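>>> generate a structure from the sequence data that follows.
(2 chains)
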Number of protein chains: 2
Amino acid sequence: MERKSFGRMQCPIARSLERVGEWWSILILRDALHGYTRFDQFQKSLGIAPNMLTRRLGALVKAGLLERRAYSWRPPRYEYVLTERGRDFRQVIVAMYAWGNKHFAPEGESVLLVNAKTGKAADPRLVDRITGRPLIHPEYRFAAGPAASERTRRKYTAYEADRDDADASPRDKRRKPGARS
Amino acid sequence: MERKSFGRMQCPIARSLERVGEWWSILILRDALHGYTRFDQFQKSLGIAPNMLTRRLGALVKAGLLERRAYSWRPPRYEYVLTERGRDFRQVIVAMYAWGNKHFAPEGESVLLVNAKTGKAADPRLVDRITGRPLIHPEYRFAAGPAASERTRRKYTAYEADRDDADASPRDKRRKPGARS
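Residues are numbered from 1 along each chain as shown, chains lettered A, B, ... in the order given. Presented below is the predicted three-dimensional model:
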């Protein structure tokens, strides 16, 4: 009973969490992005109980990340193929991979994201597709968007106000946000 | 009892999941990245039960993502400040934000990542820090790294073999991986 539904929240992160649902789902998506499509492939890779795997695959189909397709009629057999929405999740997986490798691989990298032709490891970072600028703080920040509810708008105003307070401490007075824009 | 420990797995994604632990942790990190540091700020923002928040903050401190600091001695009061490891998680949050906005905001965006000076919304994508190339499939793929165990190595060899099978279908024969490298 730990979780409440995040689906009604406006935050896109909360909504994403609602859809991927459980850690298992993220590891299933990781394997699907590696090319796995069949129940037994996922099961062998993850060591997950069959009933749990059935449930998680069903949830991912329902959330529109996987599509269930028959690949044999006699006997009936199904495979689970990534949808566009599922394939787009790769960006989250790659970001997690980079963070995990940086902070939790003291013995060196066990997994690398490599260029398929050169074999050279990539060092992922997020940039703006249009300008190419790295999306770092404080140059880029979250703000209420056009469809924001009153509650969301108040929340982001509160974030701003708290930041202003913090930045108005003697050490930082010069850099109060908005002063130069 | 749904989860087993992912910490022993070599996969950096599994290791990341082990550390952020629960959905609540990701939402706490989101708020921390927005500038929140105090218990009552997190509680008000998330509507989370105090005992749950205490537990999740403790886990994030233990995992080295937050640092607990006294900001008042009488009465004793603590704040939770992001460490470098916690700040680096921003990349995962931004990737989730972009995916959530693209796929689960049918009414329009409620939250945007904007350039602080221009107010213009960013369209995040992952590129290689050195070459600037977008990290898309199949140009970039996961592979066993230098510290991979025999098990991890076998797993990635299996991924490769499955992909070779799939790519050897008539439609795709030309593009069999490795043929051109």
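>>> domain map for chain A?
With domains defined by automatic domain parsing, chain A comprises A:12-88, A:91-124, A:126-162.
>>> and the ones you listed, which is most packed in?
Neighbour counts averaged per stretch over the domains of chain A are highest for domain A:91-124, at a mean of 19; criterion: mean count of other C-beta atoms under 10 Å in any protein chain shown. In this view, the C-beta of every residue, glycine as well, is placed from N, C-alpha and C.
>>> give me the distance from that domain to the chain's centre.
What separates the centre of domain A:91-124 from the centre of its chain is 15 Å, taken as C-alpha atoms, centre = their mean, to the nearest Å.
>>> cool, and stretch A:131-142?
In terms of C-alpha atoms, centre = their mean, the centre of stretch A:131-142 is set 18 Å apart from its chain centre.
>>> so that stretch, near chain B or not?
Yes: with C-beta under 8 Å from any C-beta of the partner chain as the measure, stretch A:131-142 is seen reaching chain B through A:131, A:132, A:133, A:135, A:137, A:138, A:139, A:140, A:141, A:142.
>>> and for that stretch, what's in contact with it?
A:125-128, A:156, A:159, A:177, B:33-34, B:87, B:90, B:94, B:97, B:111-117, B:122, B:124, B:132 (C-beta atoms under 8 Å, 6 or more residues apart in numbering or on different chains).
>>> on that earlier part again, now the domains of chain A in CSV, with mean pLDDT?
Compiled in CSV, the domains of chain A are given as follows (pLDDT from 0 to 100):
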stretch, mean pLDDT
domain A:12-88, 90
domain A:91-124, 92
domain A:126-162, 89
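>>> how about the residue most central in space within chain A, what does it touch?
For chain A, the residue whose C-alpha lies nearest the mean C-alpha position (C-alpha atoms, centre = their mean) is residue A:92; its distance is 3.3 Å. Applying C-beta under 8 Å, 6+ apart to residue A:92 gives the contacts A:16, B:92, B:95, B:96, B:99.
>>> and those as JSON lines, adding secondary structure and distance to residue B:59?
Formatted as JSON lines, the entries for the contacts of residue A:92 read as follows, by DSSP: H, G, I helix; E, B strand; the rest coil; distance: C-beta to C-beta, whole Å:
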{"residue": "A:16", "secondary structure": "helix", "distance to residue B:59": "21"}
{"residue": "B:92", "secondary structure": "helix", "distance to residue B:59": "17"}
{"residue": "B:95", "secondary structure": "helix", "distance to residue B:59": "22"}
{"residue": "B:96", "secondary structure": "helix", "distance to residue B:59": "19"}
{"residue": "B:99", "secondary structure": "helix", "distance to residue B:59": "25"}
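>>> now these as a markdown table including distance to residue A:56?
Compiled in a markdown table, those are given as follows (distance: C-beta to C-beta, whole Å):
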| residue | distance to residue A:56 |
| --- | --- |
| A:16 | 16 |
| B:92 | 21 |
| B:95 | 21 |
| B:96 | 19 |
| B:99 | 18 |
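>>> stretch A:11-27 and chain B, any residue contact?
Yes: against chain B, stretch A:11-27 shows contacts by C-beta under 8 Å from any C-beta at A:11-19, A:22-24, A:26-27.
>>> gap between the two ends of that stretch?
From its first residue to its last, stretch A:11-27 covers 23 Å (C-alpha to C-alpha, to the nearest Å).
>>> okay, strands next: where are they in chain A?
A:66-72, A:77-82, A:111-115, A:124-128, A:140-144 (DSSP state E).
>>> residue A:49 is nearest to which of the ones you listed?
strand A:77-82 (17.0 Å; C-beta to C-beta).
>>> pretty sure residue A:124 sits against residue A:96.
No: in this structure, residue A:124 is not within contact of residue A:96 by C-beta atoms under 8 Å, at 10.2 Å.
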